[in-house]
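In: Let me see the structure of the following:
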Amino acid sequence: MVRYSQHEEAHVQVPLLQGSQTSDSPSPSISEVKLKWLVWCLVGILVLTFETGIAIRTAPLIASYKEILCTKTIQHDKKPPAHCTKDHTVTNELAMILGVSQLLECLPVLLLSGIYGSMADKYGPRPILFLSYLGLVLSSAWATGVIWLAPMIPLRLVFMGPIFTIIGGGPGVPISILMTSAVAVAPSTQKVSIFSFIHGTALVAVILGFGLGSAMMTPMGNYPPLLAGLVLMCLALSLSLLLPISRPMAQLSSTVSEETSAHARANASTPIVHKISIGKQTMSKSFDTLWHMRGVIPLLLTSFLCMLGQNVQILILQYMPERFGIGFAQANAFNILNSTVNLFVLFIALPLVGTLVLRWGSYNAFHKDMILALSSSLLLFLGALVLSIAPDVTLAVIGIIIFGTGIGLSSLLRSIFVELFPPEHAAFAITLISTIKNLGSTFSGPVYSYTFALSLDLGGRFQGLPFFVSAICFVIGGVLLIATKTKLMNRLEI
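Out: Numbers count the residues shown, from 1 in each chain. From the prediction side, this is the model:
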């Protein structure tokens, strides 16, 4: 989940090194160019290093959990090791642990990401980025320690790991801070390219991490990739201290003009009760706008359902070994394939198709986004449906490819939703739809852990139940989108 910052102004170049520019500098443009490339390179390295570390750990972490549960079952029930791999009690417990962990990891993002984002605006990105990385590293280290000591301590102690992510606000904050830092030194014409660069780097890191994790698991077991991923995360934590510190946004805005400075000083002397009153009035106006535009509320429900449907991907490493009898390292290939398709669609197929729709269909940008959103929803539905009924690995691969081509739906829905609001309420619109999507991610863990456990109990044709639930989410979301399409377009024309 990515929370985009709305504090960058298109006409203000924001230096990230306090005092790095002076009014008598002989060549300020050269300094700006050097700073820009320094920040961009460092941001790319941080994203690549940290996301690769997380991806390397994913498959061996789940495999370690299952081995620990199997060992406990063997010792308790005196069952042979071969029986453990097909023991539904073990698989259900694993699904529960992963589902609850997903829920606990999403809660700090939902509750604290905005607070830490505001702190980054006030104190600069470096300390907040360091805190975010620190919380995630401590959480991962805790899980590794529990795995190491699992014969002596309960495996469910891994639930305490996400508590550490209160430090820094969870996994959504670092990528947002890095995007803010990169955009702050970029011209307004390059902002979209920066977002694409960071998103693409993250996808490359995921592909690289999953591949390295699988390659290391086969000959070396689970512990080496777990430790290697933790080392990479610690490396990113150390490198984050190199990120240049930007001046707080309040200070930057006060240097634009003397008039702005006077206005800021006046605001500083305003009583806190009056500030709270102004904030309430602003929020009230935003919700009044939403109420008057209540025809877009189904679009929020669509965003929730589509995020819930897309997050069925968290089950890939559990579902594929259980359904097709393959190992975790082999199942990780599905994640690699999915991320590769995502990368191709986001940076080649989607822009190309969007351009063709605008050129040949005589549509405006809003109509184009609506067409692409409906198409992406259909592809996600078909992919989830194929995965739910796939009898073998070959058809499952086809399902993953189809599912991966719908990756653009989330961004398209955000674009459609924000475009329907007046410019003065754009920040409110982005915050609202991002919160709804976070809710979808938060509920996905419990929903899919329960449906996966239920599918194991039902067996037979119901093994693909989680993906069928995902497909239903896209059907309902698509119907809501079609039902509100005319109203949305009429609203835009007005």
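
In: Gly325: neighbour count?
Out: If you count neighbours by other CB atoms under 10 Å, Gly325 ends up with 11. C-beta: built from backbone N, CA, C; applies to glycine.

In: let's have the chain start at 36 instead
Out: With the count now opening at 36, the last piece we talked about shows up as Gly360.

In: Next one: it relative to Val428, how far apart?
Out: Gly360 sits 10 Å away from Val428, taking CB to CB, to the nearest Å as the criterion.

In: buried residues in the host helix or strand of Cys141?
Out: Per DSSP states H and E, Cys141 falls inside helix 123-158. Neighbour counts over helix 123-158 (16 or more other CB atoms under 10 Å) mark 125-145, 147-149, 151-152, 154-156 as buried.

In: I'd like the average pLDDT over it.
Out: What helix 123-158 shows for mean pLDDT is 83.

In: could you say what helices and strands it packs with?
Out: Judged by 3 or more CB pairs under 8 Å, 6 or more residues apart in numbering; DSSP states H and E, helix 123-158 is in contact with helix 63-112, helix 160-184, helix 207-219, helix 284-289, helix 351-359, helix 461-493.

In: Now tabulate these in a markdown table and tack on mean neighbour count.
Out: Formatted as a markdown table, the helices and strands packed on helix 123-158 follow (neighbours: other CB atoms under 10 Å):
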| stretch | mean neighbour count |
| --- | --- |
| helix 63-112 | 19 |
| helix 160-184 | 21 |
| helix 207-219 | 26 |
| helix 284-289 | 17 |
| helix 351-359 | 21 |
| helix 461-493 | 20 |
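
In: To Gly235, which of those lies closest?
Out: Comparing these by their distance to Gly235 (CB to CB), the top pick is helix 63-112, with 9.5 Å.

In: Can you give the distance of the closest one from its chain's centre?
Out: Relative to its chain's centre, helix 63-112 lies at 13 Å (CA atoms, centre = their mean, to the nearest Å).

In: What mean pLDDT does that helix get?
Out: Confidence for helix 63-112, expressed as mean pLDDT, is 85.

In: so what does that helix touch, helix or strand wise?
Out: Helix 63-112 sits against helix 116-119, helix 123-158, helix 160-184, helix 207-219, helix 226-255, helix 258-274, helix 351-359, helix 363-379, with contacts defined as 3+ CB pairs under 8 Å, 6+ apart.

In: where among the ones you listed is the average confidence lowest?
Out: Across these, helix 116-119 gives the lowest mean pLDDT, at a mean of 56.

In: Which positions in stretch 267-275 come out as buried?
Out: Neighbour count says stretch 267-275 has 267-272, 275 buried, by 16+ other CB under 10 Å.

In: residues making contact with it?
Out: For stretch 267-275, the external contacting residues (CB atoms under 8 Å, 6 or more residues apart in numbering) are 77, 80-81, 84-85, 87-89, 91, 161, 164-165, 168-169, 171-172, 175.

In: hmm, back to that, out of the helices and strands packed on helix 63-112, which comes closest to Ser99?
Out: Evaluated with CB to CB, the helices and strands packed on helix 63-112 place helix 160-184 nearest to Ser99, the distance being 4.8 Å.

In: Output the contacting helices and strands for that closest one.
Out: Checking 3+ CB pairs under 8 Å, 6+ apart, helix 160-184 ends up next to helix 63-112, helix 123-158, helix 207-219, helix 258-274.

In: Let me see the domain layout of the chain.
Out: Domain assignment for the chain by automatic domain parsing gives 36-41+63-283, 310-529.

In: ok so, going back, can you add distance to Asn367 and give the helices and strands packed on helix 160-184 back as JSON lines?
Out: Rendered in JSON lines, the data for those read as follows (distance: least, CB to CB, whole Å):
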{"stretch": "helix 63-112", "distance to Asn367": "4"}
{"stretch": "helix 123-158", "distance to Asn367": "15"}
{"stretch": "helix 207-219", "distance to Asn367": "22"}
{"stretch": "helix 258-274", "distance to Asn367": "10"}
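
In: among those, which is nearest Ile451?
Out: Closest among these, using CB to CB: helix 207-219, at 21.1 Å.

In: Check the offset of that closest one from the chain's centre.
Out: 13 Å.

In: Now do it: which elements does it pack against?
Out: Under the contact definition 3+ CB pairs under 8 Å, 6+ apart, helix 207-219 sits against helix 63-112, helix 123-158, helix 160-184, helix 226-255.
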